[in-house]
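Trainee: How does the following fold in three dimensions:
(one chain, ligands or ions: 1)
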Amino acid sequence: MAKPFTFKVLATDGKARRGVIDMPRGEIRTPAFMPVGTGGTVKAMYMDQVRGVGADIILGNTYHLMLRPGAERVARLGGLHEFARWPHPILTDSGGFQVMSLSKLRKLTEKGVTFRSHIDGAAYEMSPERSIEIQGLLDSDIQMQLDECTALPAELKEIERAMELSLRWAERCKTAFGDQPGKAMFGIVQGGDNAALRIRSAQALSAMELKGYAVGGLAVGEPQAVMLEMLDITCPVLPHNKPRYLMGVGTPDDILKSVARGIDMFDCVMPTRAGRHGLAYTRRGKVNLRNARHADDPRPLDEESDCPAARGYSRAYLHHLVRSQEALGAMLLTWNNLSYYQKLMQDIRAAIETGSFDVRGAEITEGWARGDI
Ligand SMILES: Nc1nc2c(CCc3ccccc3)c3nc[nH]c3cc2c(=O)[nH]1
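Mentor: Numbering: from 1, shown residues only. As a prediction, this is how the structure comes out:
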């Protein structure tokens, strides 16, 4: 029998948890940052580099992969791990969020969502059952339920309708997923910025005894204070011994404050997207390499970093690459940024282990908030 999916909390510091998820394809040290690999690639990175910066798991995307190259084709080619040469755990989103944010002519009913591809306009239908089927064809290790994420601000009755639909879809996804010991299907808490709806959603999902829980419906433009308040309300209602994944978050400051409220897993396009736009994250703040003031600067981004991209190239060279739109510019800055995020998570895990998380929090990201240095 395949090794089952297990989560252990190894240490706590206040509400912050240091844990580990153990799966057949490897373990995931939490709190974890999961690089986004939407179309089966972490853009501008070799998978060996992604592993090299310390990532235990990457994200894939049902919506993008079902449109191109197609879920059945990926299955025929051995599944997403084989296709993309990433043998470690993969978490895939269910696709609903991307349908609502990317596709055209979408229609949402009890059955599921019908939409037209943003690539070639072809018509598709995505039901909870089809979403789980596609994630199975991709051989995804952690599969997300199909849900409806309400854009904020929204009318209370609209938030309630979407939250209740998502609960019915969670039941259908749980049934469709069945019993796959080495894999997991996570429920997604909805409920917008309303405390009562968040509590109802978290309670109903907890009663389904799923292997993990995501907090969705956030990182959709709401103020950080609203996001954090929803975590204060939601996390205590979720089971202590199951992983909690905050979808789409976030900046180092968001991550610190969310770990402090009991979140274990994060994903965000920022480090990779910023890298492709010439922005470098360093311990002493952000550096916009497009800025002409770097043109003659011989210093590396961070000589103390163990990432070759941060230590081995001058800012002048990086500025030149970015200004010339050379592919190497995006590659080196993405490498630097993912390394920065993984170092941040490593420092957070260490701080929780030594009981110094709440004190060290500010110190860990002291440079983050500073602007261009
Ligand atoms: N299913 C779902 N996804 C969300 C994402 C995408 C995360 C994702 C997972 C896997 C690959 C890419 C992106 C969100 N991103 C920001 N806020 C988000 C909210 C939700 C949400 O409520 N539900």
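Trainee: can you pull the contacts of Arg323?
Mentor: Shown in contact with Arg323 (CB atoms under 8 Å, 6 or more residues apart in numbering): Arg290. No exception for glycine: its C-beta is placed from N, CA and C like everyone else's.
Trainee: Phi and psi next, for it.
Mentor: Dihedral pair for Arg323: phi -60, psi -30, per degrees, to the nearest 10.
Trainee: State the pLDDT value of it.
Mentor: pLDDT, Arg323: 98.
Trainee: For Asn288, see how far away it is.
Mentor: Distance, Arg323 to Asn288, using CB to CB, to the nearest Å: 12 Å.
Trainee: Leaving out sequence neighbours, find the closest residue to the residue in the chain positioned nearest to the ligand.
Mentor: Closest contact between the chain and the ligand, by CB to the nearest ligand atom, is at Gly248 (2.0 Å). Closest residue to Gly248 apart from its sequence neighbours, by CB to CB, 6 or more residues apart in numbering: Ala219 at 3.5 Å.
Trainee: What average pLDDT does stretch 179-199 get?
Mentor: Here the average pLDDT along stretch 179-199 is 98.
Trainee: again, but for stretch 333-345
Mentor: Stretch 333-345 comes out at a mean pLDDT of 98.
Trainee: Then stretch 304-312?
Mentor: Stretch 304-312 comes out with an average pLDDT of 97.
Trainee: List the buried residues for stretch 200-215?
Mentor: Arg200, Ser201, Ala202, Ala204, Leu205, Ser206, Leu210, Lys211, Gly212, Tyr213, Ala214, Val215 (16 or more other CB atoms under 10 Å).
Trainee: near the ligand, anything from it?
Mentor: No: taking CB under 6 Å from any ligand atom as the criterion, stretch 200-215 and the ligand are apart, separated by no less than 6.9 Å.
Trainee: mind listing what the residue nearest to Gly248 touches?
Mentor: Ala219 neighbours (CB under 8 Å, 6+ apart): Met227, Leu246, Met247, Gly248, Val249, Gly250, Asp254, Cys268.
Trainee: so which of these comes closest to Met45?
Mentor: Within those, the smallest distance to Met45 is 15.1 Å, found for Cys268 (CB to CB).
Trainee: what about the nearest residue to the closest one once chain neighbours are set aside, which SS state?
Mentor: Among residues not flanking Cys268 along the chain, Gly250 sits closest, at 5.4 Å (CB to CB, 6+ apart). The three-state assignment at Gly250 reads coil, by DSSP: H, G, I helix; E, B strand; the rest coil.
Trainee: And Leu321, by the same measure?
Mentor: helix.
Trainee: Leaving out the residues flanking it, which one is nearest to it?
Mentor: Gly329 (3.3 Å).
Trainee: cool, Thr365 as well?
Mentor: Thr365 sits nearest to Pro252 (CB to CB, 6+ apart), 4.3 Å away.
Trainee: what do you get for Tyr281?
Mentor: Tyr281 sits nearest to Tyr340 (CB to CB, 6+ apart), 4.2 Å away.
Trainee: tell me the contacts of that neighbour?
Mentor: Pro271, Tyr281, Thr282, Arg283, Ser305, Cys307, Ala310.
Trainee: List the contacts of Val249.
Mentor: Under the contact definition (CB under 8 Å, 6+ apart), the residues listed for Val249 are Leu218, Ala219, Met227, Ile255, Ser258, Ile263, Phe266, Asp267, Cys268.
Trainee: related to what we said a few turns ago, following the chain past the helix or strand encompassing the residue nearest to Leu321, name the next helix or strand.
Mentor: Secondary structure assignment for Gly329, by DSSP states H and E: helix 327-353. Remark: after helix 327-353, the chain's next helix or strand is helix 357-364, criterion DSSP H and E.
Trainee: Which strands or helices does that following helix pack on?
Mentor: On a contact count with 3 or more CB pairs under 8 Å, 6 or more residues apart in numbering; DSSP states H and E, helix 357-364 meets helix 252-259, helix 327-353.
Trainee: can I get the ones you listed in CSV with distance to Gly96?
Mentor: Below are the helices and strands packed on helix 357-364 laid out as CSV (distance: least, CB to CB, whole Å):
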stretch, distance to Gly96
helix 252-259, 22
helix 327-353, 26
